[in-house]
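Peer 1: following is a predicted model, sequence given first.
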Amino acid sequence: MTNAAAHDVTHHVPEPMLADYAAGRLGYSFSVAVAAHVSLCDECRARLAAHEAAGGAVLETLPPAPVSGDLMARVMARLDDPAAAPPAPPAPSGIFPGAVMAALKGQPPRWRKLGMGIRQSILHAGGDGSLRLLYIPPGRAVPDHGHGGQELTLVLQGAFHDETGRFGVGDIEVADESLEHTPIAEEGEPCICLAATDAPLRFSSLIPRVLQPIFRI
Ligand code: ZN
Ligand code: ZN
């Protein structure tokens with residue numbers, strides 16, 4: 001059932017976002033990103049199992065006290081109940097978790113050049129945000145940009161770093177309006193990321209701004 005327990009994940013889905021995911025309150029793009037992270041991260045998988053078993057509403061009404069023995073028992077019973085298990089997700093393929101394979105509809109990514117060796121494959125673009133795969137050659141930077149809303153970036157291959165830290169396979173970065181950053185791929189393998197937004201990015205330089213409508217970033 002676990003497909004990648006060995007990743008040394010250090011950047012996780014924030015608790016409120018995981019609760020929203022468990023309660024079905026996230027939009028499509030964020031849901032795929034969270035599901036993909038969870039499939040790569042033992043810690044978030046365990047936290048999510050507790051959310052799902054207890055139900056978001058139950059958790060929200062609980063006082064901020066230690067989890068009661070009764071709740072724990074119900075969590076464990078639910079985990080043991082095969083009828084309560086969700087339908088099996090699509091199988092992972094290569095570096096792509098099952099949730100990404102579902103977004104790809106089982107097809108390989110259709111890469112489009114973005115310039116400077118960077119490529120993207122759009123999986124979803126709409127008024128509720130976008131979901132794309134990004135391919136960044138080793139040592140290459142994604143143009144400096146800010147965010148009109150939140151952006152989730154999940155590393156699937158290689159690694160990148162920016163002003164906030166280093167992100168390797170399985171790590172998820174949550175950026176919002178307050179962050180202006182320049183992600184740079186590390187040397188070695190090309191960095192392949194899943195990027196989800198709930199609003200368009202805001203580029204600082206003119207050229208990416210001009211290209212933005214064309215590439216639907
Ligand atoms: Zn995690
Ligand atoms: Zn960003």
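Peer 2: Arrived safely. In this text the structure is predicted, and so the values were computed from the model without any measurement. Ligands and ions are numbered 1, 2, ... in the order given.
Peer 1: all contacts plus neighbour counts: C-alpha atoms, from now on.
Peer 2: Fine.
Peer 1: for the spatially most central residue of the chain, which three-state class applies?
Peer 2: Computing the C-alpha centroid of the chain and ranking residues by CA atoms, centre = their mean puts Ala33 first, at 2.8 Å. Secondary structure for Ala33, judged by DSSP: H, G, I helix; E, B strand; the rest coil, is helix.
Peer 1: same question for the one 3 residues further on.
Peer 2: Secondary structure assignment for Ala36 (three-state DSSP): helix.
Peer 1: quick one: contacts for it?
Peer 2: Pro97, Gly98, Ala99, Val100 (CA atoms under 8 Å, 6 or more residues apart in numbering).
Peer 1: columns neighbour count, secondary structure and distance to Ser178 on top of those residues, output as JSON lines?
Peer 2: As requested, those are exported to JSON lines (neighbours: other CA atoms under 10 Å; DSSP: H, G, I helix; E, B strand; the rest coil; distance: CA to CA, whole Å):
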{"residue": "Pro97", "neighbour count": "24", "secondary structure": "coil", "distance to Ser178": "30"}
{"residue": "Gly98", "neighbour count": "21", "secondary structure": "helix", "distance to Ser178": "31"}
{"residue": "Ala99", "neighbour count": "22", "secondary structure": "helix", "distance to Ser178": "29"}
{"residue": "Val100", "neighbour count": "24", "secondary structure": "helix", "distance to Ser178": "28"}
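Peer 1: what's the closest of those residues to Gln120?
Peer 2: Val100 (14.2 Å; CA to CA).
Peer 1: quick one: the closest one and Val32 touch, right?
Peer 2: Yes - in this structure, Val100 is within contact of Val32 by CA atoms under 8 Å, at 6.7 Å.
Peer 1: what does this protein put close to ligand 1?
Peer 2: With CA under 5 Å from the ion as the criterion, the chain comes near ligand 1 at residues His12, Cys41, Cys44.
Peer 1: now a PyMOL select for only the buried ones of the residues you listed.
Peer 2: Per 16 or more other CA atoms under 10 Å, the buried members of the residues of the chain next to ligand 1 correspond to this PyMOL selection:
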select buried, resi 12+41+44
